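Engineer: mind looking at a prediction? Sequence and model below.
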Amino acid sequence: MKFKLDENFGTRTQQLFKAAGHEVKTVREQGLLDFADVTRFSPTQTDGIVVIRVPLHPSITLLEQLVVQFLQTLTQMSVEKKLWIVESGRIRVHESETEEEI
């Protein structure tokens, strides 16, 4: 699967995606701004959008835990045409007019 990561994801975090067999590019590399803005990039018009929410000044350990949480969930369900909000301990899934929490 291909991922576009926010410029705030460092090389170490990008390696988690690559180690799981995914292709990774950053939004900065591709000149995309406000990629999580669903008014500009509707999840239903894409292969899916995932936003990983972290507190101000998160540790690298917390960020890596959230990425692993996301990647594990991705093996069980598809993100296609959905918006996933990944937070510590939960993932909110927005699908058109519905919202589901896993």
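Structural biologist: Cool, the structure landed. Numbers count the residues shown, from 1 in each chain.

Engineer: check which helix or strand the spatially closest residue to Gln45 that is not a sequence neighbour maps to.
Structural biologist: In this structure, Gln45 finds its nearest non-sequential neighbour in Lys81, 7.9 Å apart by C-beta to C-beta, 6 or more residues apart in numbering. Every residue, glycine included, has its C-beta placed from N, CA and C. Under DSSP states H and E, no helix or strand contains Lys81.

Engineer: pretty sure Asp52 contacts Val67?
Structural biologist: I think there's a mix-up here, since residue 52 is Ile and not Asp. Yes: assessed by C-beta atoms under 8 Å, Ile52 is found in contact with Val67 at 6.8 Å.

Engineer: quick one: the strands in this structure, in order.
Structural biologist: Remark: strands assigned in the chain by DSSP state E are 2-5, 23-26, 49-52, 83-87, 90-95, 98-101.

Engineer: nearest to Leu32, of those?
Structural biologist: Among the strands of the chain, strand 2-5 comes nearest to Leu32, with 6.8 Å by C-beta to C-beta.

Engineer: list the buried residues of the closest one.
Structural biologist: The neighbour-count check on strand 2-5 (16 or more other C-beta atoms under 10 Å) flags 3-5 as buried.

Engineer: roughly how far does the residue nearest to Gln45 sit from Thr61?
Structural biologist: Here the criterion is C-beta to C-beta, to the nearest Å. By it, Lys81 lies 32 Å from Thr61.

Engineer: pLDDT of stretch 25-44, averaged?
Structural biologist: Stretch 25-44 shows a mean pLDDT of 72 in the predicted model.
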